[in-house]
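Trainee: no FASTA, just this:
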């Protein structure tokens, strides 16, 4: 008789985990193909159109790089906190709140202030806003050990509702034909783009922050504290690390980065505040951080992949009349497959004949 058991791996290499990640993505692609076939869309034709129209055209790459900007920021925001085993599921809300504060500055000072002044002002304000939005669950976690997954998640909906209040209420554009949008920002309040393309400099913010966070985690004293506390909170406590203060700092910095994502999205793409400014970038950042194993450099690769999911999903909506829910479904399948194969990263199968 054949007996199958799991044996704990003493160490899981980077290549093993990466291999299982790629396998999980492949399985998700196959399952996605099945769903496409169920709605009468040829999966080979659909995936082929994504390759030809997204990866083989200049406008496809422009769309990819534009989508990567907020995803890089939310991915590194979630990953920074997760290195300390703090799960910031609130990057979406922090993004929205950063966008709200950015809009206030753009509407009040955009027409009278130069780009050299207002863009750094909006960046700083958005980061402060995101940090303050994350401070509430940070204090609850540090002082009362309230589960940060619940508090950060619930605060997403408060921030989204706050945006709805402003665009339906005091900030609604009187010339907007009754649509829930604000006035368009002045040109000085919009991020510069690369040439005539829609790709804005926000992507450079994401890449720069990834390098900075990598350096902080690997080369600084606070990075050592984050690693020690994340691996073993008791070891961190007995090492003299002020864990409560560290929790608040890390969650607030994570929120600040997510707040910056909100600023780049509305000043680089939307140019005004409106409903649904995010395509779920904050939630997708959680998937990216998980796939990258919270490694800042791995975030770049998986951000690129998730950008393909977004742009490819929009293409399938146009070409095949599929609903936006297909994008959410595909993201969910990726996360489900990653979680399902996680056990093989921590354990190996042992076969024994008796």
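Mentor: Structure's in. What do you need? Because the structure is predicted, anything quoted here is derived from the model rather than measured.
Trainee: quick one: low-confidence ranges for the stretch 251-354 of the chain?
Mentor: Along the stretch 251-354 of the chain, the parts satisfying pLDDT under 70 run over 345, 349, 351, 354.
Trainee: ah, wrong one, I meant the chain
Mentor: For the chain, the ranges with pLDDT under 70 are 1-6, 9-10, 12, 14, 345, 349, 351, 354.
Trainee: for the longest helix along it, list every residue counted as buried.
Mentor: Assignment by DSSP state H gives helix 115-144 as the longest helix of the chain. Within helix 115-144, the residues scored as buried using 16 or more other CB atoms under 10 Å are 118-119, 121-123, 125-134, 136-142. For every residue, glycine as well, the C-beta is placed using N, CA and C.
Trainee: what of stretch 220-227?
Mentor: Within stretch 220-227, the residues that count as buried by 16+ other CB under 10 Å are 223, 225, 226.
Trainee: coming back round to it: which secondary structure elements does the longest helix of the chain sit against?
Mentor: With contacts taken as 3 or more CB pairs under 8 Å, 6 or more residues apart in numbering; DSSP states H and E, helix 115-144 sits against helix 91-109, helix 148-168, helix 243-265.
Trainee: could those helices go into CSV alongside distance to residue 342 and mean neighbour count?
Mentor: Shown next, in CSV, are the helices and strands packed on helix 115-144 (distance: least, CB to CB, whole Å; neighbours: other CB atoms under 10 Å):
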stretch, distance to residue 342, mean neighbour count
helix 91-109, 21, 27
helix 148-168, 17, 18
helix 243-265, 23, 26
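Trainee: the ones you listed: which one's closest to residue 346?
Mentor: helix 148-168 (20.8 Å; CB to CB).
Trainee: now the angle from the closest one to helix 243-265?
Mentor: Following axes from the mean of the first three to the mean of the last three CA atoms, to 10 degrees, one obtains 30 degrees for the angle between helix 148-168 and helix 243-265.
Trainee: for helix 148-168, packing partners?
Mentor: Packing contacts for helix 148-168, counted by 3+ CB pairs under 8 Å, 6+ apart, involve helix 91-109, helix 115-144.
Trainee: distance of the spatially most central residue of the chain from residue 278?
Mentor: Taking CA atoms, centre = their mean, the centroid of the chain lies closest to residue 285, which sits 2.2 Å from it. As defined by CB to CB, to the nearest Å, residue 285 lies at a distance of 10 Å from residue 278.
Trainee: can you check residue 142 too?
Mentor: Going from residue 142 to residue 278 by CB to CB gives 27 Å.
Trainee: need the helices for the chain, in chain order.
Mentor: 14-38, 43-50, 58-82, 91-109, 115-144, 148-168, 202-219, 221-231, 233-238, 243-265, 281-291, 296-320, 325-346.
Trainee: okay if I get the ones you listed as JSON lines plus distance to residue 178?
Mentor: Shown next, in JSON lines, are the helices of the chain (distance: least, CB to CB, whole Å):
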{"stretch": "helix 14-38", "distance to residue 178": "37"}
{"stretch": "helix 43-50", "distance to residue 178": "36"}
{"stretch": "helix 58-82", "distance to residue 178": "28"}
{"stretch": "helix 91-109", "distance to residue 178": "19"}
{"stretch": "helix 115-144", "distance to residue 178": "27"}
{"stretch": "helix 148-168", "distance to residue 178": "10"}
{"stretch": "helix 202-219", "distance to residue 178": "30"}
{"stretch": "helix 221-231", "distance to residue 178": "49"}
{"stretch": "helix 233-238", "distance to residue 178": "53"}
{"stretch": "helix 243-265", "distance to residue 178": "24"}
{"stretch": "helix 281-291", "distance to residue 178": "27"}
{"stretch": "helix 296-320", "distance to residue 178": "26"}
{"stretch": "helix 325-346", "distance to residue 178": "27"}
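Trainee: closest to residue 273 out of these?
Mentor: helix 91-109 (4.2 Å).
Trainee: quick check: angle from the closest one to helix 115-144?
Mentor: Going by the same axes, to 10 degrees, helix 91-109 makes 140 degrees with helix 115-144.
Trainee: and helix 91-109 with helix 58-82, angle?
Mentor: Using the same axes, to 10 degrees: helix 91-109 against helix 58-82 is 110 degrees.
Trainee: so what does helix 91-109 touch, helix or strand wise?
Mentor: The contact analysis (3+ CB pairs under 8 Å, 6+ apart) places helix 91-109 against helix 58-82, helix 115-144, helix 148-168, helix 243-265, helix 281-291.
Trainee: closest to residue 62 out of the helices and strands packed on helix 115-144?
Mentor: helix 243-265 (15.6 Å).
Trainee: ok and the closest one relative to helix 221-231, angle-wise?
Mentor: Taking the same axes, to 10 degrees, one finds helix 243-265 and helix 221-231 inclined to each other by 110 degrees.
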